[in-house]
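Engineer: Sequence plus predicted model, see below.
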2 protein chains.
Amino acid sequence: MKTLLQVDFDYQGPFGEVMSDALKELAATINNEPGMIWKLWTENEKTQQAGGVYLFESEETAQAYLEMHTARLTTMGIPNVQGQVFNINESLSAINQGPFNLSS
Amino acid sequence: MKTLLQVDFDYQGPFGEVMSDALKELAATINNEPGMIWKLWTENEKTQQAGGVYLFESEETAQAYLEMHTARLTTMGIPNVQGQVFNINESLSAINQGPFNLSS
């Protein structure tokens, strides 16, 4: 069952284009993670937070990614990683154009 | 600038199809909220949490929706509403098939 992963953490930058340039190679590798369908990269300079929202093929692949990603962020010196895994209510999301009906 | 809104809260159910039946009329009204492009409805029976991830046309419309929605949830007796607003890093999200490039 498709699963949403929501990750956010304290982050002091870089933001915007500087962030894009620094992390585009990392982004490309994320396409190779098992079960990954899409990721939206999130950032908020005002609240000093960043993260991502992901769609995965299954709860198992989402949980495995969350464990790997949390360890990677810790290695990068990023504390306070919040990660939550959710089922998607597909019939309600379909009413609101929710983009769950894509494949990896 | 398109803005992501991430909302989650403690929730004891109903989940799944019962939730869909109970909330489909509310879902239809969400399509009329200013700036709303899409919503993914999220739920997790194990952790007793639910929420939603939304794409809005602007930070202003996302913030206005968050204020209205938090008040509505409080009226429904739902405590501990977490709401976060993020910019989307579009160039990184484009690398990972992120569905930000839709219009309402």
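Structural biologist: Arrived safely, thanks for sending.

Engineer: before we move on, which element is the residue nearest the centre of chain A in?
Structural biologist: Centroid check for chain A by Cα atoms, centre = their mean gives residue A:52 as the closest residue, at 3.3 Å. Residue A:52 belongs to strand A:49-56 when assigned by DSSP states H and E.

Engineer: list the helices and strands that strand packs on?
Structural biologist: strand A:3-10, strand A:36-44, helix A:59-75, strand B:82-88 (3 or more Cβ pairs under 8 Å, 6 or more residues apart in numbering or on different chains; DSSP states H and E). Bear in mind the C-beta positions are built from the backbone N, C-alpha and C, glycine included.

Engineer: would you turn the ones you listed into JSON lines with distance to residue B:58?
Structural biologist: Conversion of the helices and strands packed on strand A:49-56 to JSON lines gives the following (distance: least, Cβ to Cβ, whole Å):
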{"stretch": "strand A:3-10", "distance to residue B:58": "20"}
{"stretch": "strand A:36-44", "distance to residue B:58": "14"}
{"stretch": "helix A:59-75", "distance to residue B:58": "29"}
{"stretch": "strand B:82-88", "distance to residue B:58": "10"}
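
Engineer: could you give the angle of the strand holding residue A:52 to strand A:3-10?
Structural biologist: 170 degrees (axes from the mean of the first three to the mean of the last three Cα atoms, to 10 degrees).
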